[in-house]
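> quick one, fold the following:
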Amino acid sequence: MNRRENIKSILLGGVSASLLSNCIFPGNEKETQKKEPPSSHNISNWNLMPDMDWAGPKYWGNRLQDWNINDGLLQCMVEGRDRTLHHLTMQIGSSRNSFKSKVAIRFSEDLTKSNQNKIGYVVGSKSWNLEYRASAIHGNGLEVGINTLGNLFIGDEEFKQNSVDKGNLTSGVVLEVSAEPLGGAYTLLLSVFDKSGKILTQLEKKDVDPNELIGNIALLCNFSEFDSENTDHLVCSFDQWELSGDKFTKNEDQIFGPLCFTQYTRQKNLVKLTAQFCPIPLPSKAKFEVKQEGKWKMIQEAEVKYPSYTAQFRFDDWSYVESTSFRISYDFKYKDGSIETFYWDGTISKEPVSKKSVKAFVASCNHDLGFPDQDIVEYASVHEPDLVLFLGDQFYEINGHFGFQTAPLEKAYLDYLRKWYMFGWSYRKLFQHVPVINLPDDHDVFQGNLFGANGIEFPKASADKRYPRDYGGYMMPPDWVNLAMTTQTSHMPDPYDSTPIERGIHVFYSNWDYGGISFGIVEDRKFKSGPAAVLPHEAEVRDAYIENPDYPIKERSFPDAHLLGTRQIDFLKEWIENWKNETEFKILLSAAPFHALQTLPDEKSNGMQPRLEIPEKGEYILGDIPVADMDSGGWPKHERDEVLKLIKKSFTLHLAGDQHLPSVTQYGIDDYQDAGYTFAVPALANSWPRRWWPPINEPMLGQPGYTGNHEDAFGNKVYVRAVANPYKTGLEPARLYDRSPGYGIVTFNKISRDIEFECWPRYVNPKNNPQGQFLGWPITVNQLENNLPVKPYFLPTIKVTGIVNPLIKIIDDQNVTQLILRINGEVFQPVMDKEGVYSVLIVDEVGETQKQLDGIKAVAISNGSELKISI
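I've put the predicted structure just below:
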């Protein structure tokens, strides 16, 4: 059937002025009534809102920086593609009822004239999973409205006989769309009225598929032809958006903002909490309240800061031992003097010091393919984690479509916040009641790779045609980078050394002691050297990869190149010695693991990863070779080795992400398995699948060929316990599910000192399928396995009386600590990686006493000797 047979143009006529009675343009003094409307009715109140870069809690703007409220009007500020403002609390449902939407619109005078430049509505906008948040980001629907030539359109069809002159468009019109069920379909009516209520034109379309009219409804400014997308330019103003009809469903709990979410950490009596806000008018204050004897009591107030729009609370003497309910309150002030109070509640959890085991949810790499990620939230909650760790790439710069905006700075701030809000919108329930750590990584600062080089400025261009970012530095201005640091880390423990790096960029590396676990938090991007500034041209560095297959990177050392840098190594030297706060485990947190566990087909270059064929389950890919990716933590090797030698002294386990390839490996320095373990958790969702298909060597017994002893492209020794290579799952969307997406659960057992790694695909419900982990998991390692010398030398067995779980330190004849551990119980036999004479120091931190025995010799064969020490 010809679509035009179902579309009827209606000649000009008149309608009641009541259609426009709530429409406010300058000169109209009627104000919105703020009484609660019927369940199937809603009307905007922008006329009562102060000027701000946010449309209010019932709306989501694409992009955030493209919509604002000015002088009581909603404004779209850019000529660009697919700009939409979605209604969050009202959706078009599947019932066989009618609906109507009307809004006052005023076109700007100087718009680019084209039938491809459209203003109006998106009706029935939906994504693949039909969820309202996903539809607000990824949704597509039926576009209806007026183009900048003045002609009406429905979908791709333009109707020149239904036009509105420029004078009416620039002085203001009301655009109304309504739908009525007729037979098994719907009839859609598109109407335009002038300010007096007179009808200007009307267009009817019959036989509309009911499925087209299910989903979100959004305001639309879709310009396909324009001069400059990021130019601040008023396109049109909207006012009095009114929705009515029983086909609408309504849920006021679906608002977003002005309070978005909170994040906190607790370390003994210190609690730090950051409340994230939308771009509200400033100055503004937020209140922190706790519930006492059934009543809420305000105990602290904080300013909301620009440009992060965060309120930061700090309690140095938190006295609540048990879990304590809190809420953040904020009074939003309307122009008429009225106030609406908004709340966000949560729990400051009791520290799990007395728990026999502590469980962490660990994740990284949050592409928006699965947004809003409620499968992850639901499945992760089954595990009931005590804490949450996000280890980098909390978002990607391309999340939410539209790429990313770098200038002007004020708009770039808002572009960052929109992507950050999406992260919180997805995962805020995971950390509403437990503490959370975030490690900003490269994509969090809008860079595909980040070699921070101590904060130097990003080179604008490269004369030798290398990638500028390969030389190191930050692309975005320092104030913008600090926005990322503030939003993601201001709730975390104070930095070890807060001195900013070059150009005033903030640092966050620190330790966090919680529940008997001491986390060493390091920044493995911020101080790292740029490879193009270090390696010779013959290496052919391109986008962090060495592309010259003949360049002998394994034979080359670069002593001036840094991975963590001197400042952080000094921090780690002190951190491994600090076992206060009842610490029983030492855990290092970084974005990337300290190896390059990835392969590509021989003679293929970086950049091919998304285009490589995903294999069937059980298939082994032959012909791959390890590749030298310097964006990994495997380079520079000498400092990687230095860090591993240091942290293995305290039996430290390493948790990381970044690589999009889940793995459990044991590091090697001089030999295989002579250092600690690392668990690289899956990506939550990624567009860049990596893989590990090395030439088969000697795999673990009964395990795939990629396990066992291997070397990466830098010569780093690695013992592979498990890897979750991508494979075809048969699930849709394949680009989400076929790339090994998921999360990690790490359980620290304080009775046995075992550490269990769980690795869950995001498509498996652990409640329904408790055996559904990736192949090779779960894996359990003991704390002591993080330092088991390949060639052991034994000290006498130490038996301590008078104290349980004492801290034991083994010191060599140069007065350098070689081992330090709070032992499990009263008996411990130290095993050294070299012979020599050592001192044994036993520390009772509670009684503030210690005892040292000197001249203890390590021998190659344990002779059963004992040292009995009484404290």
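
> contacts and neighbour counts: CA atoms only from here.
Will do.

> domain ranges for this protein, per the record?
Taking automatic domain parsing as the domain assignment, the ranges for the chain are 3-249, 259-265+281-348, 357-787, 793-870.

> in terms of mean pLDDT, which of the ones you listed ranks lowest?
The minimum mean pLDDT among these belongs to domain 3-249 (a mean of 88).

> now for residue 135: which residues touch it?
125-127, 215-216 (CA atoms under 8 Å, 6 or more residues apart in numbering).

> closest one of those to residue 625?
residue 127 (38.7 Å; CA to CA).

> next one: that closest one relative to residue 685, how far apart?
Using CA to CA, to the nearest Å, residue 127 is found at 17 Å from residue 685.

> between the two, who's got more neighbours?
Ranked by neighbour count (other CA atoms under 10 Å), residue 127 and residue 685 place residue 685 first, with 28 against 20.

> who does the more buried one bridge with?
Bridge pairing for residue 685 (DSSP bridges) gives the partners residue 366.

> quick one, what contacts it?
So residue 685 contacts 365-370, 736, 739, 741-742 (CA under 8 Å, 6+ apart).

> got phi/psi on the closest residue to residue 834 other than its chain neighbours?
Nearest non-adjacent residue to residue 834, counting by CA to CA, 6 or more residues apart in numbering: residue 793, 6.0 Å away. Main-chain torsions, residue 793, degrees, to the nearest 10: phi -130, psi 130.

> then the one 3 residues further on?
Main-chain dihedrals, residue 796, degrees, to the nearest 10: phi -60, psi 150.

> check residue 575 too.
phi -60, psi -40.

> residues near it, how many?
With other CA under 10 Å as criterion, residue 575 counts 19.

> what distance do you get for it to residue 617?
Taken as CA to CA, the span from residue 575 to residue 617 is 43 Å.

> how about residue 545: what's its closest non-neighbour residue?
Leaving aside its sequence neighbours, residue 545 sits nearest to residue 629 (CA to CA, 6+ apart; 4.6 Å).

> contacts only, for the one you found.
So residue 629 contacts 544-546, 596 (CA under 8 Å, 6+ apart).

> quick check, nearest of those residues to residue 459?
residue 544 (15.2 Å).

> what is the burial count for that closest one?
Using other CA under 10 Å: residue 544 sits among 25 other residues.

> wait, isn't it in contact with residue 471?
No - contact criterion CA atoms under 8 Å: residue 544 and residue 471 do not qualify, at 9.5 Å.

> what do these two both touch?
residue 531.

> okay, now residue 132: neighbour count?
Neighbours of residue 132 (other CA under 10 Å): 24.

> now it. Nearest residue, chain neighbours left out?
Nearest one to residue 132, counting by CA to CA, 6+ apart, is residue 216 at 6.6 Å.

> where do the helices sit along the stretch 651-800 of the chain?
Assigned by DSSP state H, counting those that start in this stretch, the stretch 651-800 of the chain shows helices spanning 734-737.

> what's the end-to-end length of stretch 703-722?
9 Å.

> with distance to residue 271 added, can I get the domains of the chain in CSV?
Output for the domains of the chain, formatted as CSV (distance: least, CA to CA, whole Å):
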stretch, distance to residue 271
domain 3-249, 29
domain 259-265+281-348, 5
domain 357-787, 8
domain 793-870, 23
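
> from residue 74, how far off is the residue nearest to residue 132?
Distance from residue 216 to residue 74, by CA to CA: 19 Å.

> for residue 446, same thing?
29 Å.

> ok, these two, which is more surrounded?
Neighbour tally, residue 446 and residue 74, criterion other CA under 10 Å: the higher count belongs to residue 74, 29 against 23.

> so what sits opposite that one in the bridge?
With DSSP bridges as the rule, residue 74 is bridged to residue 69, residue 238.

> does it touch residue 45 like I think?
No - with contact taken as CA under 8 Å, residue 74 and residue 45 are classed as non-touching, separated by 9.9 Å.

> how close does the closest residue to residue 92 other than its chain neighbours get to residue 190?
With sequence-adjacent residues excluded and distances taken as CA to CA, 6+ apart, residue 92 is closest to residue 248, at 4.6 Å. Taking CA to CA as the measure, residue 248 falls 18 Å from residue 190.

> how about residue 772?
From residue 772 to residue 190 the distance is 51 Å (CA to CA).

> these two: which has the busier surroundings?
residue 190 (25 against 16).

> what's the closest non-adjacent residue to the more buried one?
In space, residue 190 is closest to residue 177, 4.6 Å off (CA to CA, 6+ apart).

> can you pull the phi and psi angles for the one you found?
Torsion angles, degrees, to the nearest 10, at residue 177: phi -130, psi 140.

> quick one: it and residue 188 touch, right?
Yes - with contact defined as CA under 8 Å, residue 177 and residue 188 form a contacting pair (7.1 Å).

> host element of the residue nearest to the spatial centre of the chain?
For the chain, the residue nearest the mean C-alpha position is residue 394 (1.7 Å; CA atoms, centre = their mean). Of the helices and strands defined by DSSP states H and E, none includes residue 394.

> for residue 246, see how far away the residue nearest to residue 190 is.
Taken as CA to CA, the span from residue 177 to residue 246 is 15 Å.

> out of the two, which sits in the more crowded spot?
For residue 177 versus residue 246, the count of surrounding residues by other CA under 10 Å is larger for residue 177: 23 against 17.

> circling back: filter the contacts of residue 685 down to the buried ones.
Burial by neighbour count, 16 or more other CA atoms under 10 Å: within the contacts of residue 685 this picks out 365-370, 736, 739, 741-742.

> name the residues that touch stretch 170-183?
20, 23, 25, 96-109, 120, 145, 186-195, 207.

> in strands, which of the residues you listed appear?
99-107, 120, 145, 186-193, 207 (DSSP state E).

> stretch 722-730 spans what distance, first to last residue?
22 Å.

> tell me how far that stretch lies from the chain's centre.
23 Å (CA atoms, centre = their mean, to the nearest Å).

> what of stretch 502-520?
For stretch 502-520, the distance to the chain centre is 18 Å (CA atoms, centre = their mean).

> buried residues in that stretch?
Neighbour count says stretch 502-520 has 505-520 buried, by 16+ other CA under 10 Å.

> number of nearby residues for residue 611?
Neighbours around residue 611, by other CA under 10 Å: 9.

> that one and residue 688: what is the separation?
Residue 611 is 9 Å from residue 688, by CA to CA.
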